[in-house]
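>>> Curious how this folds, go ahead:
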Amino acid sequence: MFSVTIAFGATSWRLLFKDGDKAEQCYMQASNGVDNTQQFNDATHVSFIDDFGQKACFKRAAVDAVMLENMDESKLGAIELALHNARMQASGQQRAEADPTLRAARMTGAPILTPMGNGRMS
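The predicted structure follows:
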């Protein structure tokens with residue numbers, strides 16, 4: 001699965017494609033007209049129909065940015081990021097368990113932070 005995101009100022013449209021070649025073609029057509037200063041200078045209209053029934057038509061000159069994403073690859077990136085976060089949490093927990101001050105507080109049985117009735121911690 002592939003997505004092409006086309007940004008217009010604060011608004012963006014996302015088109016989805018099953019085929020990488022169709023997505024690449026959409027990306028190239030949407031970003032065509034970029035000169036060497038990275039300014040979109042072609043004022044012609046372009047239109048697209050993605051593989052899920054979305055239709056888009058716009059002036060190429062209105063485009064601020066175009067991004068092509070291989071969603072299978074980005075899924076793996078998201079998984080790696082989640083694993084990294086889980087490893088950081090586990091490492092933090094191990095350090096907290098090894099910390100003498102925190103260990104002493106745990107031995108007394110009293111919680112370190114106690115929620116009060118109004119949401120403040122004491």
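>>> How far does stretch 9-25 stretch from one end to the other?
23 Å (CA to CA, to the nearest Å).
>>> Would you mind listing the buried residues in that stretch?
Across stretch 9-25, burial judged by 16 or more other CB atoms under 10 Å covers 13, 15, 16, 17, 22, 23. Glycine gets a C-beta too; all of them are placed from N, C-alpha and C.
>>> Flag the helix or strand of the protein with the lowest per-element mean pLDDT.
Across the helices and strands of the chain, mean pLDDT, DSSP states H and E gives its lowest value to helix 100-107, namely a mean of 77.
>>> Which strands and helices lie in contact with it?
Where contact means 3 or more CB pairs under 8 Å, 6 or more residues apart in numbering; DSSP states H and E, helix 100-107 is not packed against any helix or strand.
>>> Put the alpha carbons of it into PDB.
What follows is helix 100-107 as a C-alpha-only set of coordinates in PDB (Å, rounded to 0.1, in the frame of the first residue of the first chain):
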ATOM      1  CA  PRO A 100      18.800   3.300  46.600                       C
ATOM      2  CA  THR A 101      16.500   6.200  47.400                       C
ATOM      3  CA  LEU A 102      13.500   4.700  45.500                       C
ATOM      4  CA  ARG A 103      14.200   1.300  46.900                       C
ATOM      5  CA  ALA A 104      14.300   2.600  50.500                       C
ATOM      6  CA  ALA A 105      11.000   4.400  49.900                       C
ATOM      7  CA  ARG A 106       9.500   1.200  48.600                       C
ATOM      8  CA  MET A 107      10.700  -0.800  51.600                       C
END
